[in-house]
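> Give me a 3D structure for the following:
(one chain, ligands or ions: 2)
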Amino acid sequence: AFKPRNIIVTGGCGFIGSNFVRWVAANHPECHVTVLDKLTYAGNPENIAGLPASQVELVVGDVCDAGLLDRLVPGHDAIVHYAAESHNDNSIADPEPFVQTNVVGTYRLLQAARKYDVRYHHVSTDEVYGDLALGEPRRFEPDDPYRPSSPYSSTKASSDLLVRAWHRTYGVRATISNCSNNYGPYQHVEKFIPRQVTNVLCGIRPKLYGTGENVRDWIHTEDHSRAVWDILTRGRIGETYLIGANGERSNIDVLREILRQMGRPEDDFDWVRDRPGHDRRYAIDPTKLERELGWEPLHTDFREGLAQTIEWYRDHEGWWRPAKEATEAKYAAQGR
Ligand code: NAD
Ligand code: DAU
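Ligands and ions are numbered 1, 2, ... in the order given. Below you'll find the model as predicted:
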């Protein structure tokens, strides 16, 4: 097994990257983490505050900055690449930063991994596979064709393809993981679950897109972090692993569960304009990850995980409040 001692985590101040950084700090004190993060609207250094300074260091910078990578990468033994523009609705309104960060940024990191012979793990999404029909028995598998629908998912798909090519052509020691929808604490209020929870806390009616029948496959972000560590340390080089926790639920079911847990009537929400190109259903078959690496999800009770997440937002108003108004203004401008 590969034993990482000194890793770079890009996007380590975002929702999922910061969960990974906290998870490594708690479970692998032998591993030093350099967080490389541009601190966009989605990055918040509070997400990694309080971790031992001897183990976690924050470098504020852009993954597209080749000069910075030349200074930073030597001496590290792995790059775990989380940094991205991550929100579909934003990508529809303005795709430019998605092409820059997700495509050009990945290219620059791959070039650095190649130049300094560093192990590279690429964090990606199930959305690269497009969508499934509601009720169809099939789930996504690693070798399925790429059929991304949105500007966001097409830039993530592009970045995955660069990784595959850099592995095959230049021998970069790379792995890719494609994970389903994450939930948990520290998720930005633009995303579905935190948006509705904080709407209720603010006295705003939750907003449901389209018919509400779209299905997402929910996984707790801590289960995602553990899977990424397993793949980084024991995954086969050149392989793609799908990460999912058998968590399929329709949006309307999730919203009704939030309303129920927060003591609101189940119809106390607004139907709003659908997202253009809205993917119908995502579903992950995690068999390869389970069989090869023995990974399995620990957070298997979605209601319980959701209750803890709602509790976290109740207790951390100071964390989400500063972003709430601007986020809702962006949505209002799109009629959502
Ligand atoms: P996020 O938007 O919460 O965080 C992104 C982080 O990247 C922020 O800290 C931001 O400051 C940083 N960043 C953005 N552009 C940068 C740049 N050019 N240089 C350096 N740092 C930059 O995103 P997230 O939801 O935590 O997602 C993290 C990764 O996981 C992404 O690659 C995303 O595609 C992938 N992913 C997300 C989900 C999900 O459900 N949210 C599921 C599967 C995969
Ligand atoms: O599948 C993994 C992907 O999950 C990640 O790659 C993305 O980074 C992440 O943002 C997420 O994408 P989605 O588009 O599925 O997540 P989002 O939270 O934006 O929306 C979840 C579902 O809820 C989707 O069907 C749209 C719907 N929705 C969303 C919002 C914000 C609503 O009905 N109302 C809303 O207000």
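> from here on, contacts and neighbour counts on C-alpha atoms
Fine.
> Who are the contact partners of the nearest residue to Val104 once chain neighbours are set aside?
With CA to CA, 6 or more residues apart in numbering as the criterion, Val104 has its nearest non-adjacent residue at 6.3 Å, and that residue is Cys64. Going by CA atoms under 8 Å, 6 or more residues apart in numbering, Cys64 touches Gln100, Thr101, Val104, Gly105, Thr106, Arg108, Leu109.
> Which of the residues you listed fall in helices?
Counted as lying in helices by DSSP state H, out of the contacts of Cys64, are Gly105, Thr106, Arg108, Leu109.
> ok, the first one to Asp160 distance?
Okay, so that is Gly105. According to CA to CA, to the nearest Å, Gly105 stands 12 Å off from Asp160.
> neighbour-wise, which of these two wins?
Using other CA atoms under 10 Å as the criterion, Gly105 and Asp160 rank with Asp160 on top: 26 against 22.
> Could I get the contacting residues of that one?
Under the criterion of CA under 8 Å, 6+ apart, the contact partners of Asp160 comprise His122, Ser124, Ile176.
> near ligand 2 at all, the longest helix along the chain?
The residue-count maximum for a helix in the chain (DSSP H) belongs to helix 151-170. No - on the criterion CA under 6 Å from any ligand atom, helix 151-170 is out of touch with ligand 2, staying 7.0 Å away.
> Run through who's touching the helix or strand following that helix.
Using DSSP states H and E, the helix or strand that directly follows helix 151-170 along the chain is strand 174-179. Contacts to strand 174-179, defined as CA under 8 Å, 6+ apart, come from residues 119-126, 160, 163-164, 167, 224, 228, 231-232, 235-244, 284.
> same deal with stretch 130-138?
Stretch 130-138 is contacted by residues Arg139, Tyr146, Arg147, Pro148, Ser149, Asn214, Val215, Asp279, Arg280, Arg281, Tyr282, Ala283 when judged by CA under 8 Å, 6+ apart.
> And that stretch, what's buried?
Residues of stretch 130-138 classed as buried by neighbour count (16 or more other CA atoms under 10 Å): Gly130, Asp131, Leu132.
> so how far does that stretch reach from one end to the other?
Distance across stretch 130-138, first residue to last, is 13 Å (CA to CA).
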